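> the sequence and its predicted three-dimensional model are supplied below.
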Amino acid sequence: MELFRREQYLSRIRGFYHDTDIIKVITGVRRCGKSSLMEMIRDELIGEGVSEDRIIYLDLDSRKYRKIKTDDEFEEIVDKLSTSNEIKYLFVDEIQNIQNFEEIINAFRNDGDYSIFITGSNSYLLSGELATKLTGRYVEFELFTLNFNEYLSMKKFYQKPVDNNLNIELDKFLREGGFPRTVRFDTSEEKQAYTKAVIEEIFEKDIKKRVKIRNVEVFEAVRGFVINNFGATMSIQSLQHSLEKVGLSVQRATLKRYIDALVGAKILYQCNRFDMKSKKALSGEKKYYLADTSFYFAFNTDNRINYGPALENMVYLYARGINYAVSVGRIGKLECDFILRDTEQNYSYVQVAYTINESKQTEDREYKPLEMIRDNYMKYVVTTDYLLQKRNGIKHINILEFIKEGKKF
C-alpha cells in the first residue's frame, strides 16, 4: 500500500540521511507512524539511487526477527545482511527489544560504514538511556499523531469523504483522533476500538515491563483521572487530594512514578509553567496534554467535546509537531495559554478559545494576558471564528485555516 508522506518530519531528517557519525532516533507514542516514516526514508534513498543491497531493515517485532533478543544475535544478523562494501543504511524498528542495544548500535556507528536509523516508543527507553550512553552521538526526531492538516490530507489520500465544513471535520478529528490507522477505518466504533487497543498495548509493552505497578486498579484510576482532566493545571499534591475525595489513598512518590510512566510512554505530554515576570520556571504545578484527544473519548461514554482543553491540546501538539518548544505562561494572576519558542530562539504567545465573538467579557479574557506582555514578539488569539478582530496589534486567527495551510506562529 502506498504511504501517506509526512513531509514536515521528512524535511527535518533529510540532512542526516547519509551521516554515519550520528544515530537518527525516531520516537513517539505507539502507532503514531514511526515505522511508516522509516519506510518513507528507505523509499527516498532507493529513489536517490541507493541500491537495495545497501539497505538493511529489521522490524524486531516481526515474525522474522522477533527471536533476536541479545546484542550478539543482533550483530550476527546485521553482519550477515551486510553484503556491500559501500555505506550501508541500517533501519531498526523497536530497538529496545535488544539487550544492551546502546552498546551494539554505537559499535556499528563506530565502524563508519553505517547510517543508522532506530525507533522506540518511549522516551525513557530511548532518550533517557541514550543520553547517558551515547551523548552527542545521536539526534532525536519526535513524531506526533496526525495534526488537523495531515488528518484532512490523509483522508483525501485514502479517498475517504471530507466535509466542506471544517468545524464538522474538527469534531470528528477531536473525537476520532490522529492515529494514522484510524483514518482508514470507516466507523466510529472501529476507530474507538483501535484507540483502546493502542492504550492497552502501551500499558503492556511500555509501562508494565518497565515500571512496577503493584496495584493496577490504582494505576488505572490515576491514568483515568489525568486523561479526564487533560489541559488542567495540576500538581502531585492536588492530584493526591482529588483521588482522596473519591476514596483512593496513594502516596505522592507512587503518584509521581505513575505520572512519569505515562509521560515516558508518551500517553501524556508534560507542559511546564513559566513566570514571565521573574523569568523562572514554576515548580510543582504543570499541565498535561494527551498524545491524542481520542484517548479521552476512548475512556468516556460522554461524547460531548469540551472545546477549551481540546483545542489547547490540538494547538499544543501542532506546535510541538512543527518543532516549537512549548510552555504555559503566567503574568501576575493571569495565564497565557502557551509561550512558543522556535529553533531560531524567537518567541510567540498564544491564547486559545473556541470563540471570542459571544461577548465582550470573553474577548477581554483572552486579550488581556497578551496585552500585559511588554516585548515585541508576535501575539495570537486562536479561535474557530471566521469573523476575525483587530486589537492592539494582536493577531486573531482561525486555527482550522491556520493549521490546514501549514502555517507557523
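In hand now; what should we look at?

> from one end of stretch 10-23 to the other, what's the distance?
Separation of the first and last residues of stretch 10-23 by Cα to Cα, to the nearest Å is 16 Å.

> what does stretch 20-32 give?
The first and final residues of stretch 20-32 sit 26 Å from each other (Cα to Cα).

> could you give the mean pLDDT of that stretch?
For stretch 20-32, the mean per-residue pLDDT is 94.

> please apply the same query to stretch 339-357.
96.

> identify each buried residue in it, please.
339, 340, 347, 348, 349, 350, 351, 352, 353, 354, 356, 357 (16 or more other Cβ atoms under 10 Å). Quick note: C-beta positions are derived from backbone N, CA and C, even for glycine.

> now do stretch 11-23
Neighbour-count burial for stretch 11-23 flags 13, 16, 17, 20, 23 (criterion: 16+ other Cβ under 10 Å).

> what's the answer for stretch 85-96, then?
For stretch 85-96, the neighbour count (16+ other Cβ under 10 Å) marks 88, 89, 90, 91, 92, 93, 94, 95, 96 as buried.

> backbone dihedrals for the fifth one, both of them.
It refers to residue 92. Here is the backbone geometry of residue 92 (degrees, to the nearest 10): phi -130, psi 120.

> residue contacts, it?
Going by Cβ atoms under 8 Å, 6 or more residues apart in numbering, residue 92 touches 58, 60, 105, 116, 117, 118, 119.

> identify the bridge partners of the fourth one.
In this case it means residue 116. Note on residue 116: beta-bridge partners by DSSP bridges are residue 90.

> Provide a list of residues in contact with it.
20, 23, 24, 90, 92, 105, 108, 109.

> for it, give its distance to residue 138.
Using Cβ to Cβ, to the nearest Å, one gets 9 Å for the distance from residue 116 to residue 138.

> same question for the last one.
Noted for residue 119: a distance of 12 Å to residue 138, by Cβ to Cβ.

> list residues touching both of those two?
In contact with both residue 119 and residue 138: residue 25, using Cβ under 8 Å, 6+ apart.

> compare neighbour counts for these two and give me the winner.
residue 119 (24 against 21; other Cβ atoms under 10 Å).

> please identify which helix or strand holds the more buried one.
According to DSSP states H and E, residue 119 maps onto strand 114-120.

> the closest residue to residue 157 other than its chain neighbours: what secondary structure?
Distances taken as Cβ to Cβ, 6 or more residues apart in numbering place residue 4 nearest to residue 157, at 4.7 Å, with adjacent residues excluded. Of the three states, residue 4 takes coil under DSSP: H, G, I helix; E, B strand; the rest coil.

> residue 4 contacts residue 152, doesn't it?
No: using Cβ atoms under 8 Å, residue 4 is not in contact with residue 152, being 11.4 Å away.

> run a quick neighbour tally on the residue nearest to residue 157.
So residue 4, with other Cβ under 10 Å, has 20 neighbours.

> check it and give its pLDDT.
According to the prediction, residue 4 has pLDDT 96.

> same check on residue 207?
The per-residue pLDDT reported for residue 207 equals 89.

> can you check residue 122 too?
66.

> and what of residue 215?
At residue 215, the pLDDT recorded in the model is 88.

> got the buried residues for the strand holding residue 119?
Within strand 114-120, the residues scored as buried using 16+ other Cβ under 10 Å are 114, 115, 116, 117, 118, 119, 120.

> nearest residue to residue 271 in space, please, no chain neighbours.
Per Cβ to Cβ, 6+ apart, closest to residue 271 is residue 287, 4.5 Å.

> strands paired with the helix or strand containing the one you found, and their directions?
Take DSSP H and E as the rule and residue 287 turns out to sit in strand 280-290. When pairing is defined by DSSP bridges, strand 280-290 lines up against strand 233-234 (antiparallel), strand 268-275 (antiparallel).

> switch those over to TSV; also include distance to residue 328.
TSV is the format used below for the strands paired with strand 280-290 (distance: least, Cβ to Cβ, whole Å):
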stretch	distance to residue 328
strand 233-234	8
strand 268-275	5
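
> let me know which of those strands is the nearest to residue 178.
Comparing the strands paired with strand 280-290 against residue 178 with Cβ to Cβ, the closest turns out to be strand 268-275 (13.7 Å).

> how about the closest one: buried residues?
268, 269, 271, 273, 274.

> let me know the closest of those to residue 35.
The shortest gap between residue 35 and any of the buried residues of strand 268-275 belongs to residue 269, at 21.1 Å (Cβ to Cβ).

> which pLDDT value goes with the closest residue in space to residue 248 that isn't next to it in sequence?
Closest residue in space to residue 248, ignoring its immediate chain neighbours: residue 221 at 5.5 Å, by Cβ to Cβ, 6+ apart. Reported pLDDT at residue 221 in the predicted model: 91.

> for residue 221, list the residues it contacts.
Counted by Cβ under 8 Å, 6+ apart, residue 221 has contacts 243, 246, 248.

> burial measure for residue 29, as a count.
If you count neighbours by other Cβ under 10 Å, residue 29 ends up with 27.

> quick one: residues contacting it.
Neighbour list for residue 29: 121, 144, 145, 198, 202, 265, 266, 267, 291, 292 [criterion: Cβ under 8 Å, 6+ apart].

> go again using 10 Å as the cut-off
Taking Cβ atoms under 10 Å, 6 or more residues apart in numbering, we find residue 29 in contact with 121-122, 142-145, 179, 198-199, 202, 206, 265-269, 290-292, 295.

> touching, residue 378 and residue 350? I think so.
Yes: assessed by Cβ atoms under 10 Å, residue 378 is found in contact with residue 350 at 9.1 Å.

> joint contacts of those two?
Contacts common to residue 378 and residue 350, judged by Cβ under 10 Å, 6+ apart, are 340, 370, 395, 409.

> ok, the second one - contacts?
Translated: residue 370. Applying Cβ under 10 Å, 6+ apart, the residues near residue 370 are 329, 331, 334, 336-337, 349-351, 378-381, 391-395.

> what of the third one?
By Cβ under 10 Å, 6+ apart, the contact list for residue 395 reads 348, 350, 370, 378, 379, 380, 381, 382, 388, 389, 402, 409.

> count of neighbours near the fourth one?
A count of neighbours around residue 378, defined by other Cβ under 10 Å, yields 15.

> among the buried residues of strand 114-120, show me the least confident.
residue 120 (78).

> please tell me how far that residue sits from residue 72.
Separation of residue 120 from residue 72 (Cβ to Cβ) stands at 20 Å.
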